[in-house]
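S.K.: mind looking at a prediction? Sequence and model below.
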Amino acid sequence: MAEISIPKLAPPTTSVSAAQTNTPFIEIEDVSLFYGASKALKNISLKLEEKVVTAFIGPSGCGKSTLLRCLNRMNDLIDNVRIDGAIKIGGHDIYASDVDVIELRKRVGMVFQKSNPFPKTIYENVAYGLRLHGMKAKSDLDARIEECLRASALWDEVKDRLNSSALGLSGGQQQRLCIARAIAIKPEVILMDEPASALDPIATARIEDLILELKKEFTIVIVTHNMQQAARISDQTAFFYIGELVEFGATAKIFTNPAQKRTEDYVSGRFG
Amino acid sequence: MENHFEAGIEELRQKLLVMASHAEKSVNESVQALMQRDHDLALRVKADDDTIDKFEVEIDEMAILLLTKAPLATNLRLVTVAMKISQNLERIGDEATKIAKRARDLSQEPPVKINLGLPHMADLALAMVKDALDSFVHRNAAAARALIPRDKEVDALNRQIHQQLAQHMMDNPDTIGRCLHWIVAAKSLERIADHAKNIAEEVVYLCDAQDIRHALKN
């Protein structure tokens, strides 16, 4: 099978990987974000390790989705946004002037709250990105599509109807198809913005199990309003409130013995 | 695809079973040390108590983390029951240690010449522990319910042994120290049976979602 070539932003300065050294893979350094004059993120600094699941939690408007979207520069698409500070992924500043944003978004995939499959067949949904990146041979495409659909725990349910419309799948299946589509081009990071909030408990459980499988290969950052979901799937949790990072640490600590009263009040459901 | 939450629940259950096997072994060996005047075995039982204590702490940590993940229905009952069973097992371990300490001291002194029903009481208490744990393993509420009345038999034997030893002490004041050891050992066996009964009550709650604690008192 042909290997997809995913251009890197720049050669790493060191050959030692983050996983080997526990050095952070995503470094958010004193990041502030402004919508016009309004400061939506206030001097956020965070270091996220490779191949762990990090949950961003906090009440609506706290800035968690805004920060998530900074990680693949989705906020660039919004007028009147200004970002200060630095974000490095794999040691490289993703806001550097020479960064190709399209290439960045290949490395940092995204899954949204509402599943958004293309109005094409199941097969074509996954094949689309692969073809864009130069994979042409049908045998290569078939193999890679099966691999991705298996990795997203969808293969057994769709293998006999790959040429059916993706829009005929259930909500949970569509979301897993979007995950298959995201991982097809082998990103390093997957961002998930409330990926299970519109799903029933069974579909949610499947997505959660899938996330725990995917973290063996990918670094995952997920925004969720579901505290128990964050507890079930994440290794680390960051709590945000009105644009500030209130607390960041091991999920077990955040949910059993948070250091900050605001975190305690939020995870206990006293506000938010 | 693996169900990670169920895997966590199973891990908790397995750890509880390993703890149970340690507690059951401690009770067996403490009674053996007492009956056979085995000084070395008594010391080993005492040393093993730390292991059981560590299990209790680890099970509580696992259970608390699982509770943050919002288990429901049977899984919720299993996690809360696991915490209670582990506490009972830890106390069973403590009682075994008390018996072992008495066994250690009695092994260094001449035997008391009195025919006590203690071996029978030990058999009953040990069987209750074993059956309570079996009912947990097999999730057998009927077996757990059937076990509970047997605690009264152990209580009655304890009272009988207590009376026998009290009389013996009055008749033979030189044996008071040794008889007190036997009284404490018998009391520990009675407490072990109580904990086995508690475990059985938790198994009924686990299987049937019915709280039968204190039911006869109301």
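M.R.: In hand now; what should we look at?
S.K.: flag every residue of the stretch 101-250 of chain A that's near chain B.
M.R.: For the stretch 101-250 of chain A, the contact set with chain B under C-beta under 8 Å from any C-beta of the partner chain comprises A:153, A:205, A:206, A:208, A:209, A:210, A:212, A:213, A:228, A:231, A:232. From N, CA and C alone the C-beta is placed, and that goes for glycine too.
S.K.: ignoring the adjacent residues along the chain, who's closest to the residue in the stretch 101-250 of chain A that chain B sits nearest to?
M.R.: Closest approach between the stretch 101-250 of chain A and chain B, counting by C-beta to the nearest C-beta: residue A:228, at 3.6 Å. Counting by C-beta to C-beta, 6 or more residues apart in numbering or on different chains, residue A:228 lies nearest to residue B:70, which is 3.6 Å off, once chain neighbours are set aside.
S.K.: related to what we said a few turns ago, the residues of the stretch 101-250 of chain A next to chain B in helices, which ones?
M.R.: When DSSP state H defines the helices, the subset of these inside them is A:205, A:206, A:208, A:209, A:210, A:212, A:213, A:228, A:231, A:232.
S.K.: pull the most distant pair out of the residues you listed.
M.R.: Greatest spacing in these, by C-beta to C-beta: A:213 and A:228 (19.2 Å).
S.K.: circling back: neighbour-wise, which of the ones in helices among the residues of the stretch 101-250 of chain A next to chain B leads?
M.R.: Most neighbours among these, by other C-beta atoms under 10 Å in any protein chain shown: residue A:232, with 27 neighbours.
S.K.: OK, contacts around the closest residue to that one other than its chain neighbours?
M.R.: What sits nearest to residue A:232 in space, not counting adjacent residues and going by C-beta to C-beta, 6+ apart, is residue B:69, at 4.3 Å. Contact analysis of residue B:69 by C-beta atoms under 8 Å, 6 or more residues apart in numbering or on different chains lists A:228, A:231, A:232, B:5, B:8.
S.K.: switch to 10 Å and redo it
M.R.: A:208, A:227-233, A:251, A:255, B:4-5, B:8-9, B:75, B:79 (C-beta atoms under 10 Å, 6 or more residues apart in numbering or on different chains).
S.K.: got it, and residue B:5?
M.R.: Counting by C-beta under 10 Å, 6+ apart, residue B:5 makes contact with A:205, A:208, A:209, A:212, A:232, A:233, B:66, B:69, B:70, B:71, B:75.
S.K.: ok, now with 7 Å
M.R.: A:232, B:69 (C-beta atoms under 7 Å, 6 or more residues apart in numbering or on different chains).
S.K.: and for residue A:40?
M.R.: A:33, A:34, A:63, A:66, A:243.
S.K.: I figured the second one hits residue A:82, correct?
M.R.: Meaning residue A:34. Yes. Using C-beta atoms under 7 Å, residue A:34 makes contact with residue A:82 at a distance of 4.5 Å.
S.K.: show me where the chain has helices.
M.R.: Went with chain A since none was named. Secondary structure of chain A (DSSP H): helices at A:18-21, A:64-70, A:101-107, A:122-132, A:138-151, A:155-158, A:171-184, A:201-214, A:227-233, A:251-256, A:261-267.
S.K.: switch to chain B, please.
M.R.: B:4-36, B:39-68, B:73-106, B:118-137, B:141-147, B:150-171, B:176-208.
S.K.: OK, now which residue of chain B is nearest to chain A?
M.R.: residue B:70 (3.6 Å).
S.K.: circling back: out of the helices of chain A, nearest to residue B:44?
M.R.: Nearest to residue B:44, of all those, is helix A:251-256, at 35.1 Å by C-beta to C-beta.
S.K.: buried sites along the closest one?
M.R.: A:251, A:252, A:254, A:255 (16 or more other C-beta atoms under 10 Å in any protein chain shown).
S.K.: verify the stated contact: the second one with residue B:64.
M.R.: It refers to residue A:252. No. Judged on C-beta under 7 Å, residue A:252 makes no contact with residue B:64 at a distance of 8.6 Å.
S.K.: redo the residues of the stretch 101-250 of chain A next to chain B as TSV? Include pLDDT.
M.R.: Listed next are these as TSV, based on pLDDT from 0 to 100:
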residue	pLDDT
A:153	90
A:205	92
A:206	90
A:208	94
A:209	93
A:210	93
A:212	95
A:213	93
A:228	93
A:231	95
A:232	95
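S.K.: around chain A, which positions in chain B sit nearby?
M.R.: Residues of chain B that fall close to chain A, judged by C-beta under 7 Å from any C-beta of the partner chain: B:1, B:2, B:3, B:4, B:5, B:64, B:65, B:68, B:69, B:70.
S.K.: which one of those residues has the most neighbours?
M.R.: residue B:69 (22 neighbours).
S.K.: that one and residue A:88, how far apart?
M.R.: Using C-beta to C-beta, to the nearest Å, residue B:69 is found at 32 Å from residue A:88.
S.K.: and what of residue A:250?
M.R.: As for residue A:250, its distance to residue A:88 is 22 Å (criterion: C-beta to C-beta).
S.K.: the more surrounded of those two?
M.R.: Set residue A:250 next to residue A:88 and count neighbours by other C-beta under 10 Å: residue A:88 wins out with 18 against 12.
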